[in-house]
Every structure is written in structure tokens, then in C-alpha cells.
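Peer 1: With the input below, show me the fold.
(chains A and B)
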Amino acid sequence: MSATTDVPARVARGPRTVRRVAGRRTAVHAALAGLLLGLALLALLLGELRLTPREVLDGLLGSRVGGSAFVVRELRLPRLLLGLLVGAALGLAGAVFQAVLRNPLASPDVLGVTQGASAAAVATLLLGGLSGWPVVAAAAAGGVAVGVTLQVLAGRGGAAGQRFVLCGVGLGYLGASVTAYLVTRADLRQAQDALLWTTGSLGQASWPLVRTLGLALLVLVPLVAGLAPRLALLQLGDASATALGARPERTRALLLVLAVLLAAAATAAAGPVAFVAFLAAPLARRLLADGSAALAGSALVGAVLVVGCDLLAQHALPGDVVAPVGVLTGALGAPLLVWLLVRGPRPA
Amino acid sequence: MSAASAHPTPETPVPDPTSVSPPRLVAHDLHLAYGGRDVVHGVDLAVPPGRVTVIVGANGSGKSTLLKGLGRLLAPRAGRVELDGVDLRRVRPRELARVLGLLPQHPLAPEGLGVAALVARGRFPHRGLLARGGAADDDAVTRALAATDLLDLAGARIEELSGGQRQRAWLALLLAQDPAIMLLDEPTTFLDLAHQVDLLDLLATRNREAGTTVVMVLHDLSLAARYADHLVVMRAGRVLRAGAPGEVLDEECVEAAFGLRARVLPDPETGTPLVVPRVRQIR
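Peer 2: Next comes the predicted model:
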């Protein structure tokens, strides 16, 4: 679905180098999918109740009832799927942002879009007493509001500038403050809920939540995939894109709205899971190294990051501490952000 | 007649350029501006179909702007550009891209992009909404790579190429796009003389063999005169003179357009005008 799957087969059969490029692409995607599958198996096996592969399989197939089946189907599987969907949505959103704005620092979490979405979601939840789709809608509105504000405040110099990024960082803090205020004010009894909206967590996973997010992705992902060839043209600059029959302004706006919606949907489900959107695309692009926007690769890397970090946060922290997934993704992403800021942005 | 139907289908090679009528690109009283600053003031220009047109002029004379206007990168402030009598703004962008291609002065390539992948992007206007390219696509890309002598470098990355190879890769993208009219904005800038001639020969060959209409902006007057069938000299946002190079490019014209006193001699190779600046008193 990503940009440069279009190395033609005829040429691929010709010069060996082209075949190698196309082969690498398949290999990277397959390796990421394999890694994700391995992590998913681990996530189903590990826990307070350690299960055998046989028990997991029985639980998945529903061929047995009882304790282990309940643990697999009602506890671990929803959490795994939520992590997978959240990671894929954030990874894809980040890849779109970075490719469209041609700036590796421009991702929805660095620019405050997820924080805005989180603040709006938590306001709807705590002040409005609503849940489900209204929360997703509010999160989308919050994310779009941050995006529009950013465009008005700093958009004139182009999205590649430091000003754009720094304004976004500021708006992110504003969103985080609003969230923290709302959470404090509501005097949440459950620490889990507070952690969800300030750090991002998968602890609240449930089938309805998985279904809501899954449905949102079912609509959004094909739309992004449909625009992928145009995104590949945008990467050549506006003049070339226009000459090749794209409408750059319109394509950019559409893609950004879709990416904001993806990030907002993920945030409505799991809170502002830090830095996944920011990390996934650079990692995927580095793995593929073919100049594409690495959309599919970023979604896979995002899913691997969230599922993997959740595994570590649940089972691998010293002193039997269980942390929300956002703590770990934050610890991974912050050094990369610092590095990119020190190095200065280059075209994504 | 719709704009697209006038274009010969890419599968059928055109043996005799005069046997089909190529689409006509015409500017009527074209005014172009950046922001509030008018750059081109009312240009009327009929691009001769199936021929090579070269636009020349001093820096800031509006030649690149005019090319952008012809290639719908810049919407007219007033006037219009028509393709076979239809205003460009009324043709759907993808349909237009099948007929009208443009190589901008500073195209971007994302880091890591391969030559074949870049060239394949030229096929975008020929693809369906969701469909990947078929065999016709592959053929077009392979032919474009072969024509630009890039088959061996098909897997190389754009940033690994030399300046001349890089410009050939962009030209290959344009060849793969296969438009009946090609616009090129200073395609020879930053190339040494040998590579300039290579590139211009490639375009001349394309023009002769496929009947492709070529419109390009060039700086070198003598090369412009050698390769152009139709020479357009711009001054201060207007067309100063237009016509066959031998009729247009004389000493008076060079002085009026460039403020340069020069001798214009017949090119010993082709007989076309050769512009030799006069020696000035150096203070």
C-alpha cells in the first residue's frame, strides 16, 4: 500500500539491483510481521497465570471453557489487539505527518495533536459523562483543533521550520496541562484511569473498545492507502506532483485530516501513548531505505513498538513493577527526539 | 474534442509526426503574478505542435514564469491557456498530465529513492484509481530507462548519481509519463557542455521520433538557436520576438533582450545564429 511498491515487475526482472530493492521491501515487511506474531504469542502466554501454547490455542479456538480460556479471550486477547491497533494507527499517522510535512520532527505526538485529542477525550468522559463514539469524536475534534491552531500560529513559514515544531511542543504541553487538571479535579479513585489519560495505557482494554477502534481503522486505513500514490508524488515537490496530475494542496489537507483522525482514534482508546507515532516512521524508513513514505512499514513498526513495550512494561521491569505502556515508549522516544533536535530537521 | 483523445495512445508509435495532429497549446493574453507582483504581462503564444520551442530571455524576464503558466503550475491572473481550445483549468489534472508534462527547475527526490522507482512515478496519470501499473507501464518505464541510458543504474539511488545522470533520470520520468507536450524549465542548468548537448539531443530525438512537442527554457542562446524550431525571446514579461531562430536572433534582438552588445554569426556546424559577446572595455 505504500509509495514505491511501484517498481515494475518487468524492470525488476532486468537489472539485479532493482530486484534487490524490491526484495528487501518484502523481506523487511515479512520480518516485521514475524516479529509482531512472536510478540503476540508471548503476550498471550505470559502473565500471572502462565499458560502453555496448547491452552492459548484452546482459548483462541474456544474449544474449552474455564479459567485459561477466560484469561486468553477476555483479558489477554483484547489487550493484545488494542495494542496492535493503537500502535498501527499511531505509526501510520506519524508516517503520514512526516512525509506530508517533509519534516522528521512533525509527528502528531510531538506537535501536540495527541495531547489535544487526549484533553478533549478526557473532558468528554469526565465532564460529559459520555463514553464510546462521543469520546472518539471529541478526541478527533481536539486533534483537529490543535492542527488548525498550529497552522494559524506557525503555518506561514512552512511546516519544515523549527517554529512550527516548537509551537506544536508548546500546544502539546497545554493539552497535557488541561488533561492533568481535569484528572486532578475529578479526583479519580482509580490510578489506572489517570495513568491512561496522562501517559497512555492498555490496562482498560475490552472487546467494545477493540471493536470501536477496529471499525475506525477499517474506514481510515483504506482511505490513506488510496492516497498513497499521490503522497509518493508529493515527495517529488509540489511542481512535479502537479505536473503528474495530483492536486498537492488538496492531497496534503486530506492526508493530514486522515492522520489526525487516526491519531485521535488511537488516543481515544489508549490515551496519548508517547512517541510511537514519532518513532515508527524513522525506524521503518531506515529499515526500508527506499525513499518511500514507508506507510505499511510504519504501521507494522508502531504495532511492534506498542505490543513489545507493553510486554516489557508488564513483565520485565525490575522489582515486579507493572507500568503503563506509555512510560516505556516515552523512555525509548525521548532520546531520539533529543537527537533529532540536536541534529536539526532534514527532509523526511 | 476532449484534450485526452487528441493524444495518440502510448501503445501505438507514431511513425510520421505529421500524420496525426498533436494537441495545440495556446496562451491568450496571459497575465501571471506571484502574490501581488505581476511578472508576465499579456503574452499571446501559440506553441507550434510537434516542434521544439525554446524560450530565452534575461534573468527576471519572466521566461520560467511563462513556462509555469503554460504548465498550469501557476494560475493566470488574467487571460488563459488552452489545450485544443479548452481552458487548462477545466481539464481534470490526471487527464491533463497524460498530455502535458513538465520538468521543474528544482525537483525533489526523497533520500533513498531508486532510479526505477522515480521513473515509475511518471506512470501515475496512466493508472486507474486503485490499479497498479500493468505491462504497458513496465514497458514505458523500461523504454524510458533505455532511452536515457539508465538501465544499468535502474537500482541506484538518486543521490548516488552524478549531475548529468540525475537530470537524465528526471527526463526518464517525463518520458515514462509520455505526454504529447513536454515543458522543461532550464533542463541544462548545472550540466557541463557535453552533458547539455547529450540532454538536448535526447529531447530532439524524442521530438523527431515520437512527434512530441517540446517547450523549454534555456540560457545558452547559441544552443537555443541550434535546437529550436521556434524561438521566443522574452523581455520584461512580454514576448519581444518570436519565430525561426535565424529570423529572430540578430544583434539588435540580443541587445534589446539582454542589454548585451554581441556579434551574431552563422554557426559553422548548423548555420543557425551563434551569439558571440563583443569585448567590452574593462574598467
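
Peer 1: any low-confidence regions in chain A?
Peer 2: Where chain A drops to pLDDT under 70, the residues are A:1-22, A:63-65, A:155-161, A:187-194, A:341, A:343-348.

Peer 1: which residue is nearest the centroid of it?
Peer 2: A:Leu90 (1.0 Å; C-alpha atoms, centre = their mean).

Peer 1: Just the buried positions in the helix or strand containing that one, please.
Peer 2: Taking DSSP states H and E as the definition, one finds A:Leu90 inside helix A:77-100. Neighbour-count burial for helix A:77-100 flags A:77-100 (criterion: 16 or more other C-beta atoms under 10 Å in any protein chain shown). For the C-beta atoms, the positions are set from N, CA and C on the backbone; glycine is no exception.

Peer 1: and what of stretch B:192-206?
Peer 2: Quick answer for stretch B:192-206 (16+ other C-beta under 10 Å): B:195-196, B:198-200, B:202-203, B:206.

Peer 1: Run through the bridge partners of B:Gly243.
Peer 2: On the basis of DSSP bridges, B:Gly243 is bridged to B:Leu231.

Peer 1: how close does the closest residue to A:Leu81 other than its chain neighbours get to chain B?
Peer 2: What sits nearest to A:Leu81 in space, not counting adjacent residues and going by C-beta to C-beta, 6 or more residues apart in numbering or on different chains, is A:Val210, at 4.8 Å. Using C-beta to the nearest C-beta, to the nearest Å, A:Val210 is found at 28 Å from chain B.

Peer 1: Show me where the stretch 151-283 of chain B dips below the pLDDT cut-off.
Peer 2: Residues of the stretch 151-283 of chain B that meet the criterion pLDDT under 70 lie in B:283.

Peer 1: what's B:Leu200 in contact with, if anything?
Peer 2: Neighbouring residues of B:Leu200 by C-beta atoms under 8 Å, 6 or more residues apart in numbering or on different chains: B:188, B:223, B:227.

Peer 1: can you count the residues close to the second one?
Peer 2: Using other C-beta atoms under 10 Å in any protein chain shown as the criterion, B:Leu223 is surrounded by 21 other residues.

Peer 1: can you check B:Pro268 too?
Peer 2: Residues near B:Pro268, counting by other C-beta under 10 Å: 7.

Peer 1: Which residues are in contact with it?
Peer 2: Counting by C-beta under 8 Å, 6+ apart, B:Pro268 makes contact with B:Leu274.

Peer 1: just to revisit the earlier point, contacts only, for the residue nearest to the centre of chain A.
Peer 2: Taking C-beta under 8 Å, 6+ apart, we find A:Leu90 in contact with A:108-109, A:114, A:262-263, A:266, A:273, A:276-277, A:280, A:302, A:306.

Peer 1: and which of the buried residues of stretch B:192-206 is nearest to B:Ala136?
Peer 2: The closest of those to B:Ala136 turns out to be B:Arg206 (C-beta to C-beta; 18.4 Å).

Peer 1: B:Val233 should be in a strand, yeah?
Peer 2: Yes. Under DSSP: H, G, I helix; E, B strand; the rest coil, B:Val233 sits within a strand.

Peer 1: need the contact list for it.
Peer 2: By C-beta under 8 Å, 6+ apart, B:Val233 lies in contact with B:56-57, B:239-242, B:248-249, B:253, B:257.

Peer 1: where's it relative to chain A, distance?
Peer 2: B:Val233 sits 24 Å away from chain A, taking C-beta to the nearest C-beta as the criterion.

Peer 1: now B:Ala120
Peer 2: Using C-beta to the nearest C-beta, B:Ala120 is found at 5 Å from chain A.

Peer 1: What does that residue show for phi and psi?
Peer 2: When read as degrees, to the nearest 10, the backbone of B:Ala120 gives phi -60, psi -30.

Peer 1: correct me, but it touches B:Ala176?
Peer 2: Yes. Between B:Ala120 and B:Ala176 there is a contact at 7.0 Å, judged by C-beta atoms under 8 Å.

Peer 1: neighbour count winner among the two?
Peer 2: Between B:Ala120 and B:Ala176, B:Ala176 has the larger neighbour count (other C-beta under 10 Å), namely 30 against 27.

Peer 1: what's the closest non-adjacent residue to the more buried one?
Peer 2: Nearest residue to B:Ala176 in three dimensions, chain neighbours excluded: B:Gly122, at 3.5 Å (C-beta to C-beta, 6+ apart).

Peer 1: if we can go back for a sec, Throw the buried residues of stretch B:192-206 into CSV and include distance to A:Val165 and secondary structure, thanks.
Peer 2: Below are these laid out as CSV (distance: C-beta to C-beta, whole Å; DSSP: H, G, I helix; E, B strand; the rest coil):
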residue, distance to A:Val165, secondary structure
B:His195, 39, helix
B:Gln196, 41, helix
B:Asp198, 43, helix
B:Leu199, 39, helix
B:Leu200, 43, helix
B:Leu202, 42, helix
B:Leu203, 42, helix
B:Arg206, 44, helix
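
Peer 1: what's the closest of those to B:Asp139?
Peer 2: Of these, the one sitting nearest to B:Asp139 (C-beta to C-beta) turns out to be B:Arg206, at 16.3 Å.

Peer 1: For the closest one, give me its contacts.
Peer 2: So B:Arg206 contacts B:147, B:175, B:182, B:212, B:214 (C-beta under 8 Å, 6+ apart).

Peer 1: again, 7 Å this time
Peer 2: B:175, B:212 (C-beta atoms under 7 Å, 6 or more residues apart in numbering or on different chains).

Peer 1: do B:Gly36 as well
Peer 2: By C-beta under 7 Å, 6+ apart, the contact list for B:Gly36 is empty.

Peer 1: so how many other residues sit close to residue 23?
Peer 2: If you meant another chain, say so; for now it's chain A. So A:Gly23, with other C-beta under 10 Å, has 11 neighbours.

Peer 1: wait, I meant chain B there
Peer 2: 24.

Peer 1: Can you name the helix or strand that it falls in?
Peer 2: B:Pro23 belongs to no helix or strand when assigned by DSSP H and E.

Peer 1: do you know how far it is from B:Gly246?
Peer 2: For B:Pro23, the distance to B:Gly246 equals 27 Å [C-beta to C-beta, to the nearest Å].

Peer 1: next one: B:Leu191
Peer 2: 26 Å.

Peer 1: more crowded one of these two?
Peer 2: Higher neighbour count among B:Leu191 and B:Gly246: B:Leu191, with 19 against 14, using other C-beta under 10 Å.

Peer 1: pretty sure that one is touching B:Gln165, no?
Peer 2: No. Using C-beta atoms under 7 Å, B:Leu191 makes no contact with B:Gln165, being 10.4 Å away.

Peer 1: wait, does stretch B:71-82 make contact with chain A?
Peer 2: Yes. Residues of stretch B:71-82 contacting chain A under C-beta under 7 Å from any C-beta of the partner chain: B:71-73.

Peer 1: residue ranges for the strands of the chain, please.
Peer 2: Just going to use chain A. Using DSSP state E, chain A contains no strands.

Peer 1: oops, I was thinking of chain B
Peer 2: Assigned by DSSP E, the strands in chain B fall at B:25-34, B:37-47, B:52-57, B:78-83, B:86-87, B:100-103, B:181-185, B:213-217, B:230-235, B:238-243, B:262-266, B:273-277.

Peer 1: If you compare the directions of the second one and strand B:181-185, what angle comes out?
Peer 2: Spelled out, it's strand B:37-47. Between strand B:37-47 and strand B:181-185, the angle formed by their directions is 140 degrees, by axes from the mean of the first three to the mean of the last three C-alpha atoms, to 10 degrees.
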